[in-house]
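here you go, sequence then predicted model.
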Amino acid sequence: QVQLVESGGGLVQAGGSLSLSCAASGRTFSGQAMGWFRQAPGKEREFVAAINWSNGNTYVPLSAQGRFTIAKDNAANTGYLHMGSLRPTDTAVYYCASSSRWGPGIGGTSSYDYWGRGTQVTVSS
C-alpha cells in the first residue's frame, strides 16, 4: 500500500504563488503516475495535473496551463505542484493521488488507486 501526504497549503493573496508537496511512502512507489486534484466546497473533485513517474511526461489541462506546473523528485519519492498567479477561485482542498497506469483517462478520479488526505489552499482577494 502507498501512503501519500500533502503539505504546503496555506493562505495566500491573489496573484501570489504556492508550492505543494506530496510525499509517498509505504511499499515501493511503483505507480505510473501522480496526479493532483482539488475540491472546493460544494463542487466535484477537479483534475489539476498529472506526471508520469517514469519518464516525467506531464498532462496539464488547458484550464491550468500557464499557472500550474507539476514536477517530481524520484529520489525523494515526492511530487510537487507549483501554482502561480493564484485566484480566489483556486481556493480548495488539494489532493495528490497515485495511479498504476498512464494514458487516456489519467484526468479522471477513477484512474487513481491511492489518495492523500489533502491540504487546504485559500486565496484571498
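Done, it's in. These figures come from a predicted structure and were not determined experimentally.

element containing the residue nearest the centre of the chain?
For the chain, Trp36 is the residue whose C-alpha lies nearest the centre (Cα atoms, centre = their mean; 2.1 Å). Element membership for Trp36, per DSSP states H and E: strand 33-39.

picking up where we left off before, who's in contact with the residue nearest to the centre of the chain?
20, 22, 47-50, 68, 70, 79, 81, 94-97 (Cβ atoms under 8 Å, 6 or more residues apart in numbering). For every residue, glycine as well, the C-beta is placed using N, CA and C.

restricted to strands, list those residues.
20, 22, 47-50, 68, 70, 79, 81, 94-97 (DSSP state E).

end-to-end on stretch 99-116?
Terminal residues of stretch 99-116 are spaced 12 Å apart (Cα to Cα, to the nearest Å).

so what touches that stretch?
For stretch 99-116, contacts defined as Cβ under 8 Å, 6+ apart pick out 1-6, 22, 30-35, 37, 45, 47, 50, 52, 57, 59, 61, 95-98.

residues of that stretch that come out buried?
Neighbour counts using 16 or more other Cβ atoms under 10 Å place 99, 102, 106-107, 109, 111-112, 114-116 of stretch 99-116 among the buried residues.

picking up where we left off before, can I get the strand holding Trp36 in CSV, CA atoms only?
Taking C-alpha atoms only, strand 33-39 is exported to CSV below (Å, rounded to 0.1, in the frame of the first residue of the first chain):
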residue,chain,number,x,y,z
ALA,A,33,1.6,8.5,-12.3
MET,A,34,1.0,11.0,-9.7
GLY,A,35,-1.9,13.4,-10.1
TRP,A,36,-3.2,16.5,-8.3
PHE,A,37,-6.8,17.2,-7.9
ARG,A,38,-8.7,19.9,-6.0
GLN,A,39,-12.1,20.2,-4.5
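
may I have the strands that pair with it, each with its orientation?
strand 46-52 (antiparallel), strand 92-99 (antiparallel) (DSSP bridges).

give me the below-cutoff pLDDT ranges for the protein.
27-31 (pLDDT under 70).

try 90
1-2, 25-32, 74-75, 101, 103-104 (pLDDT under 90).
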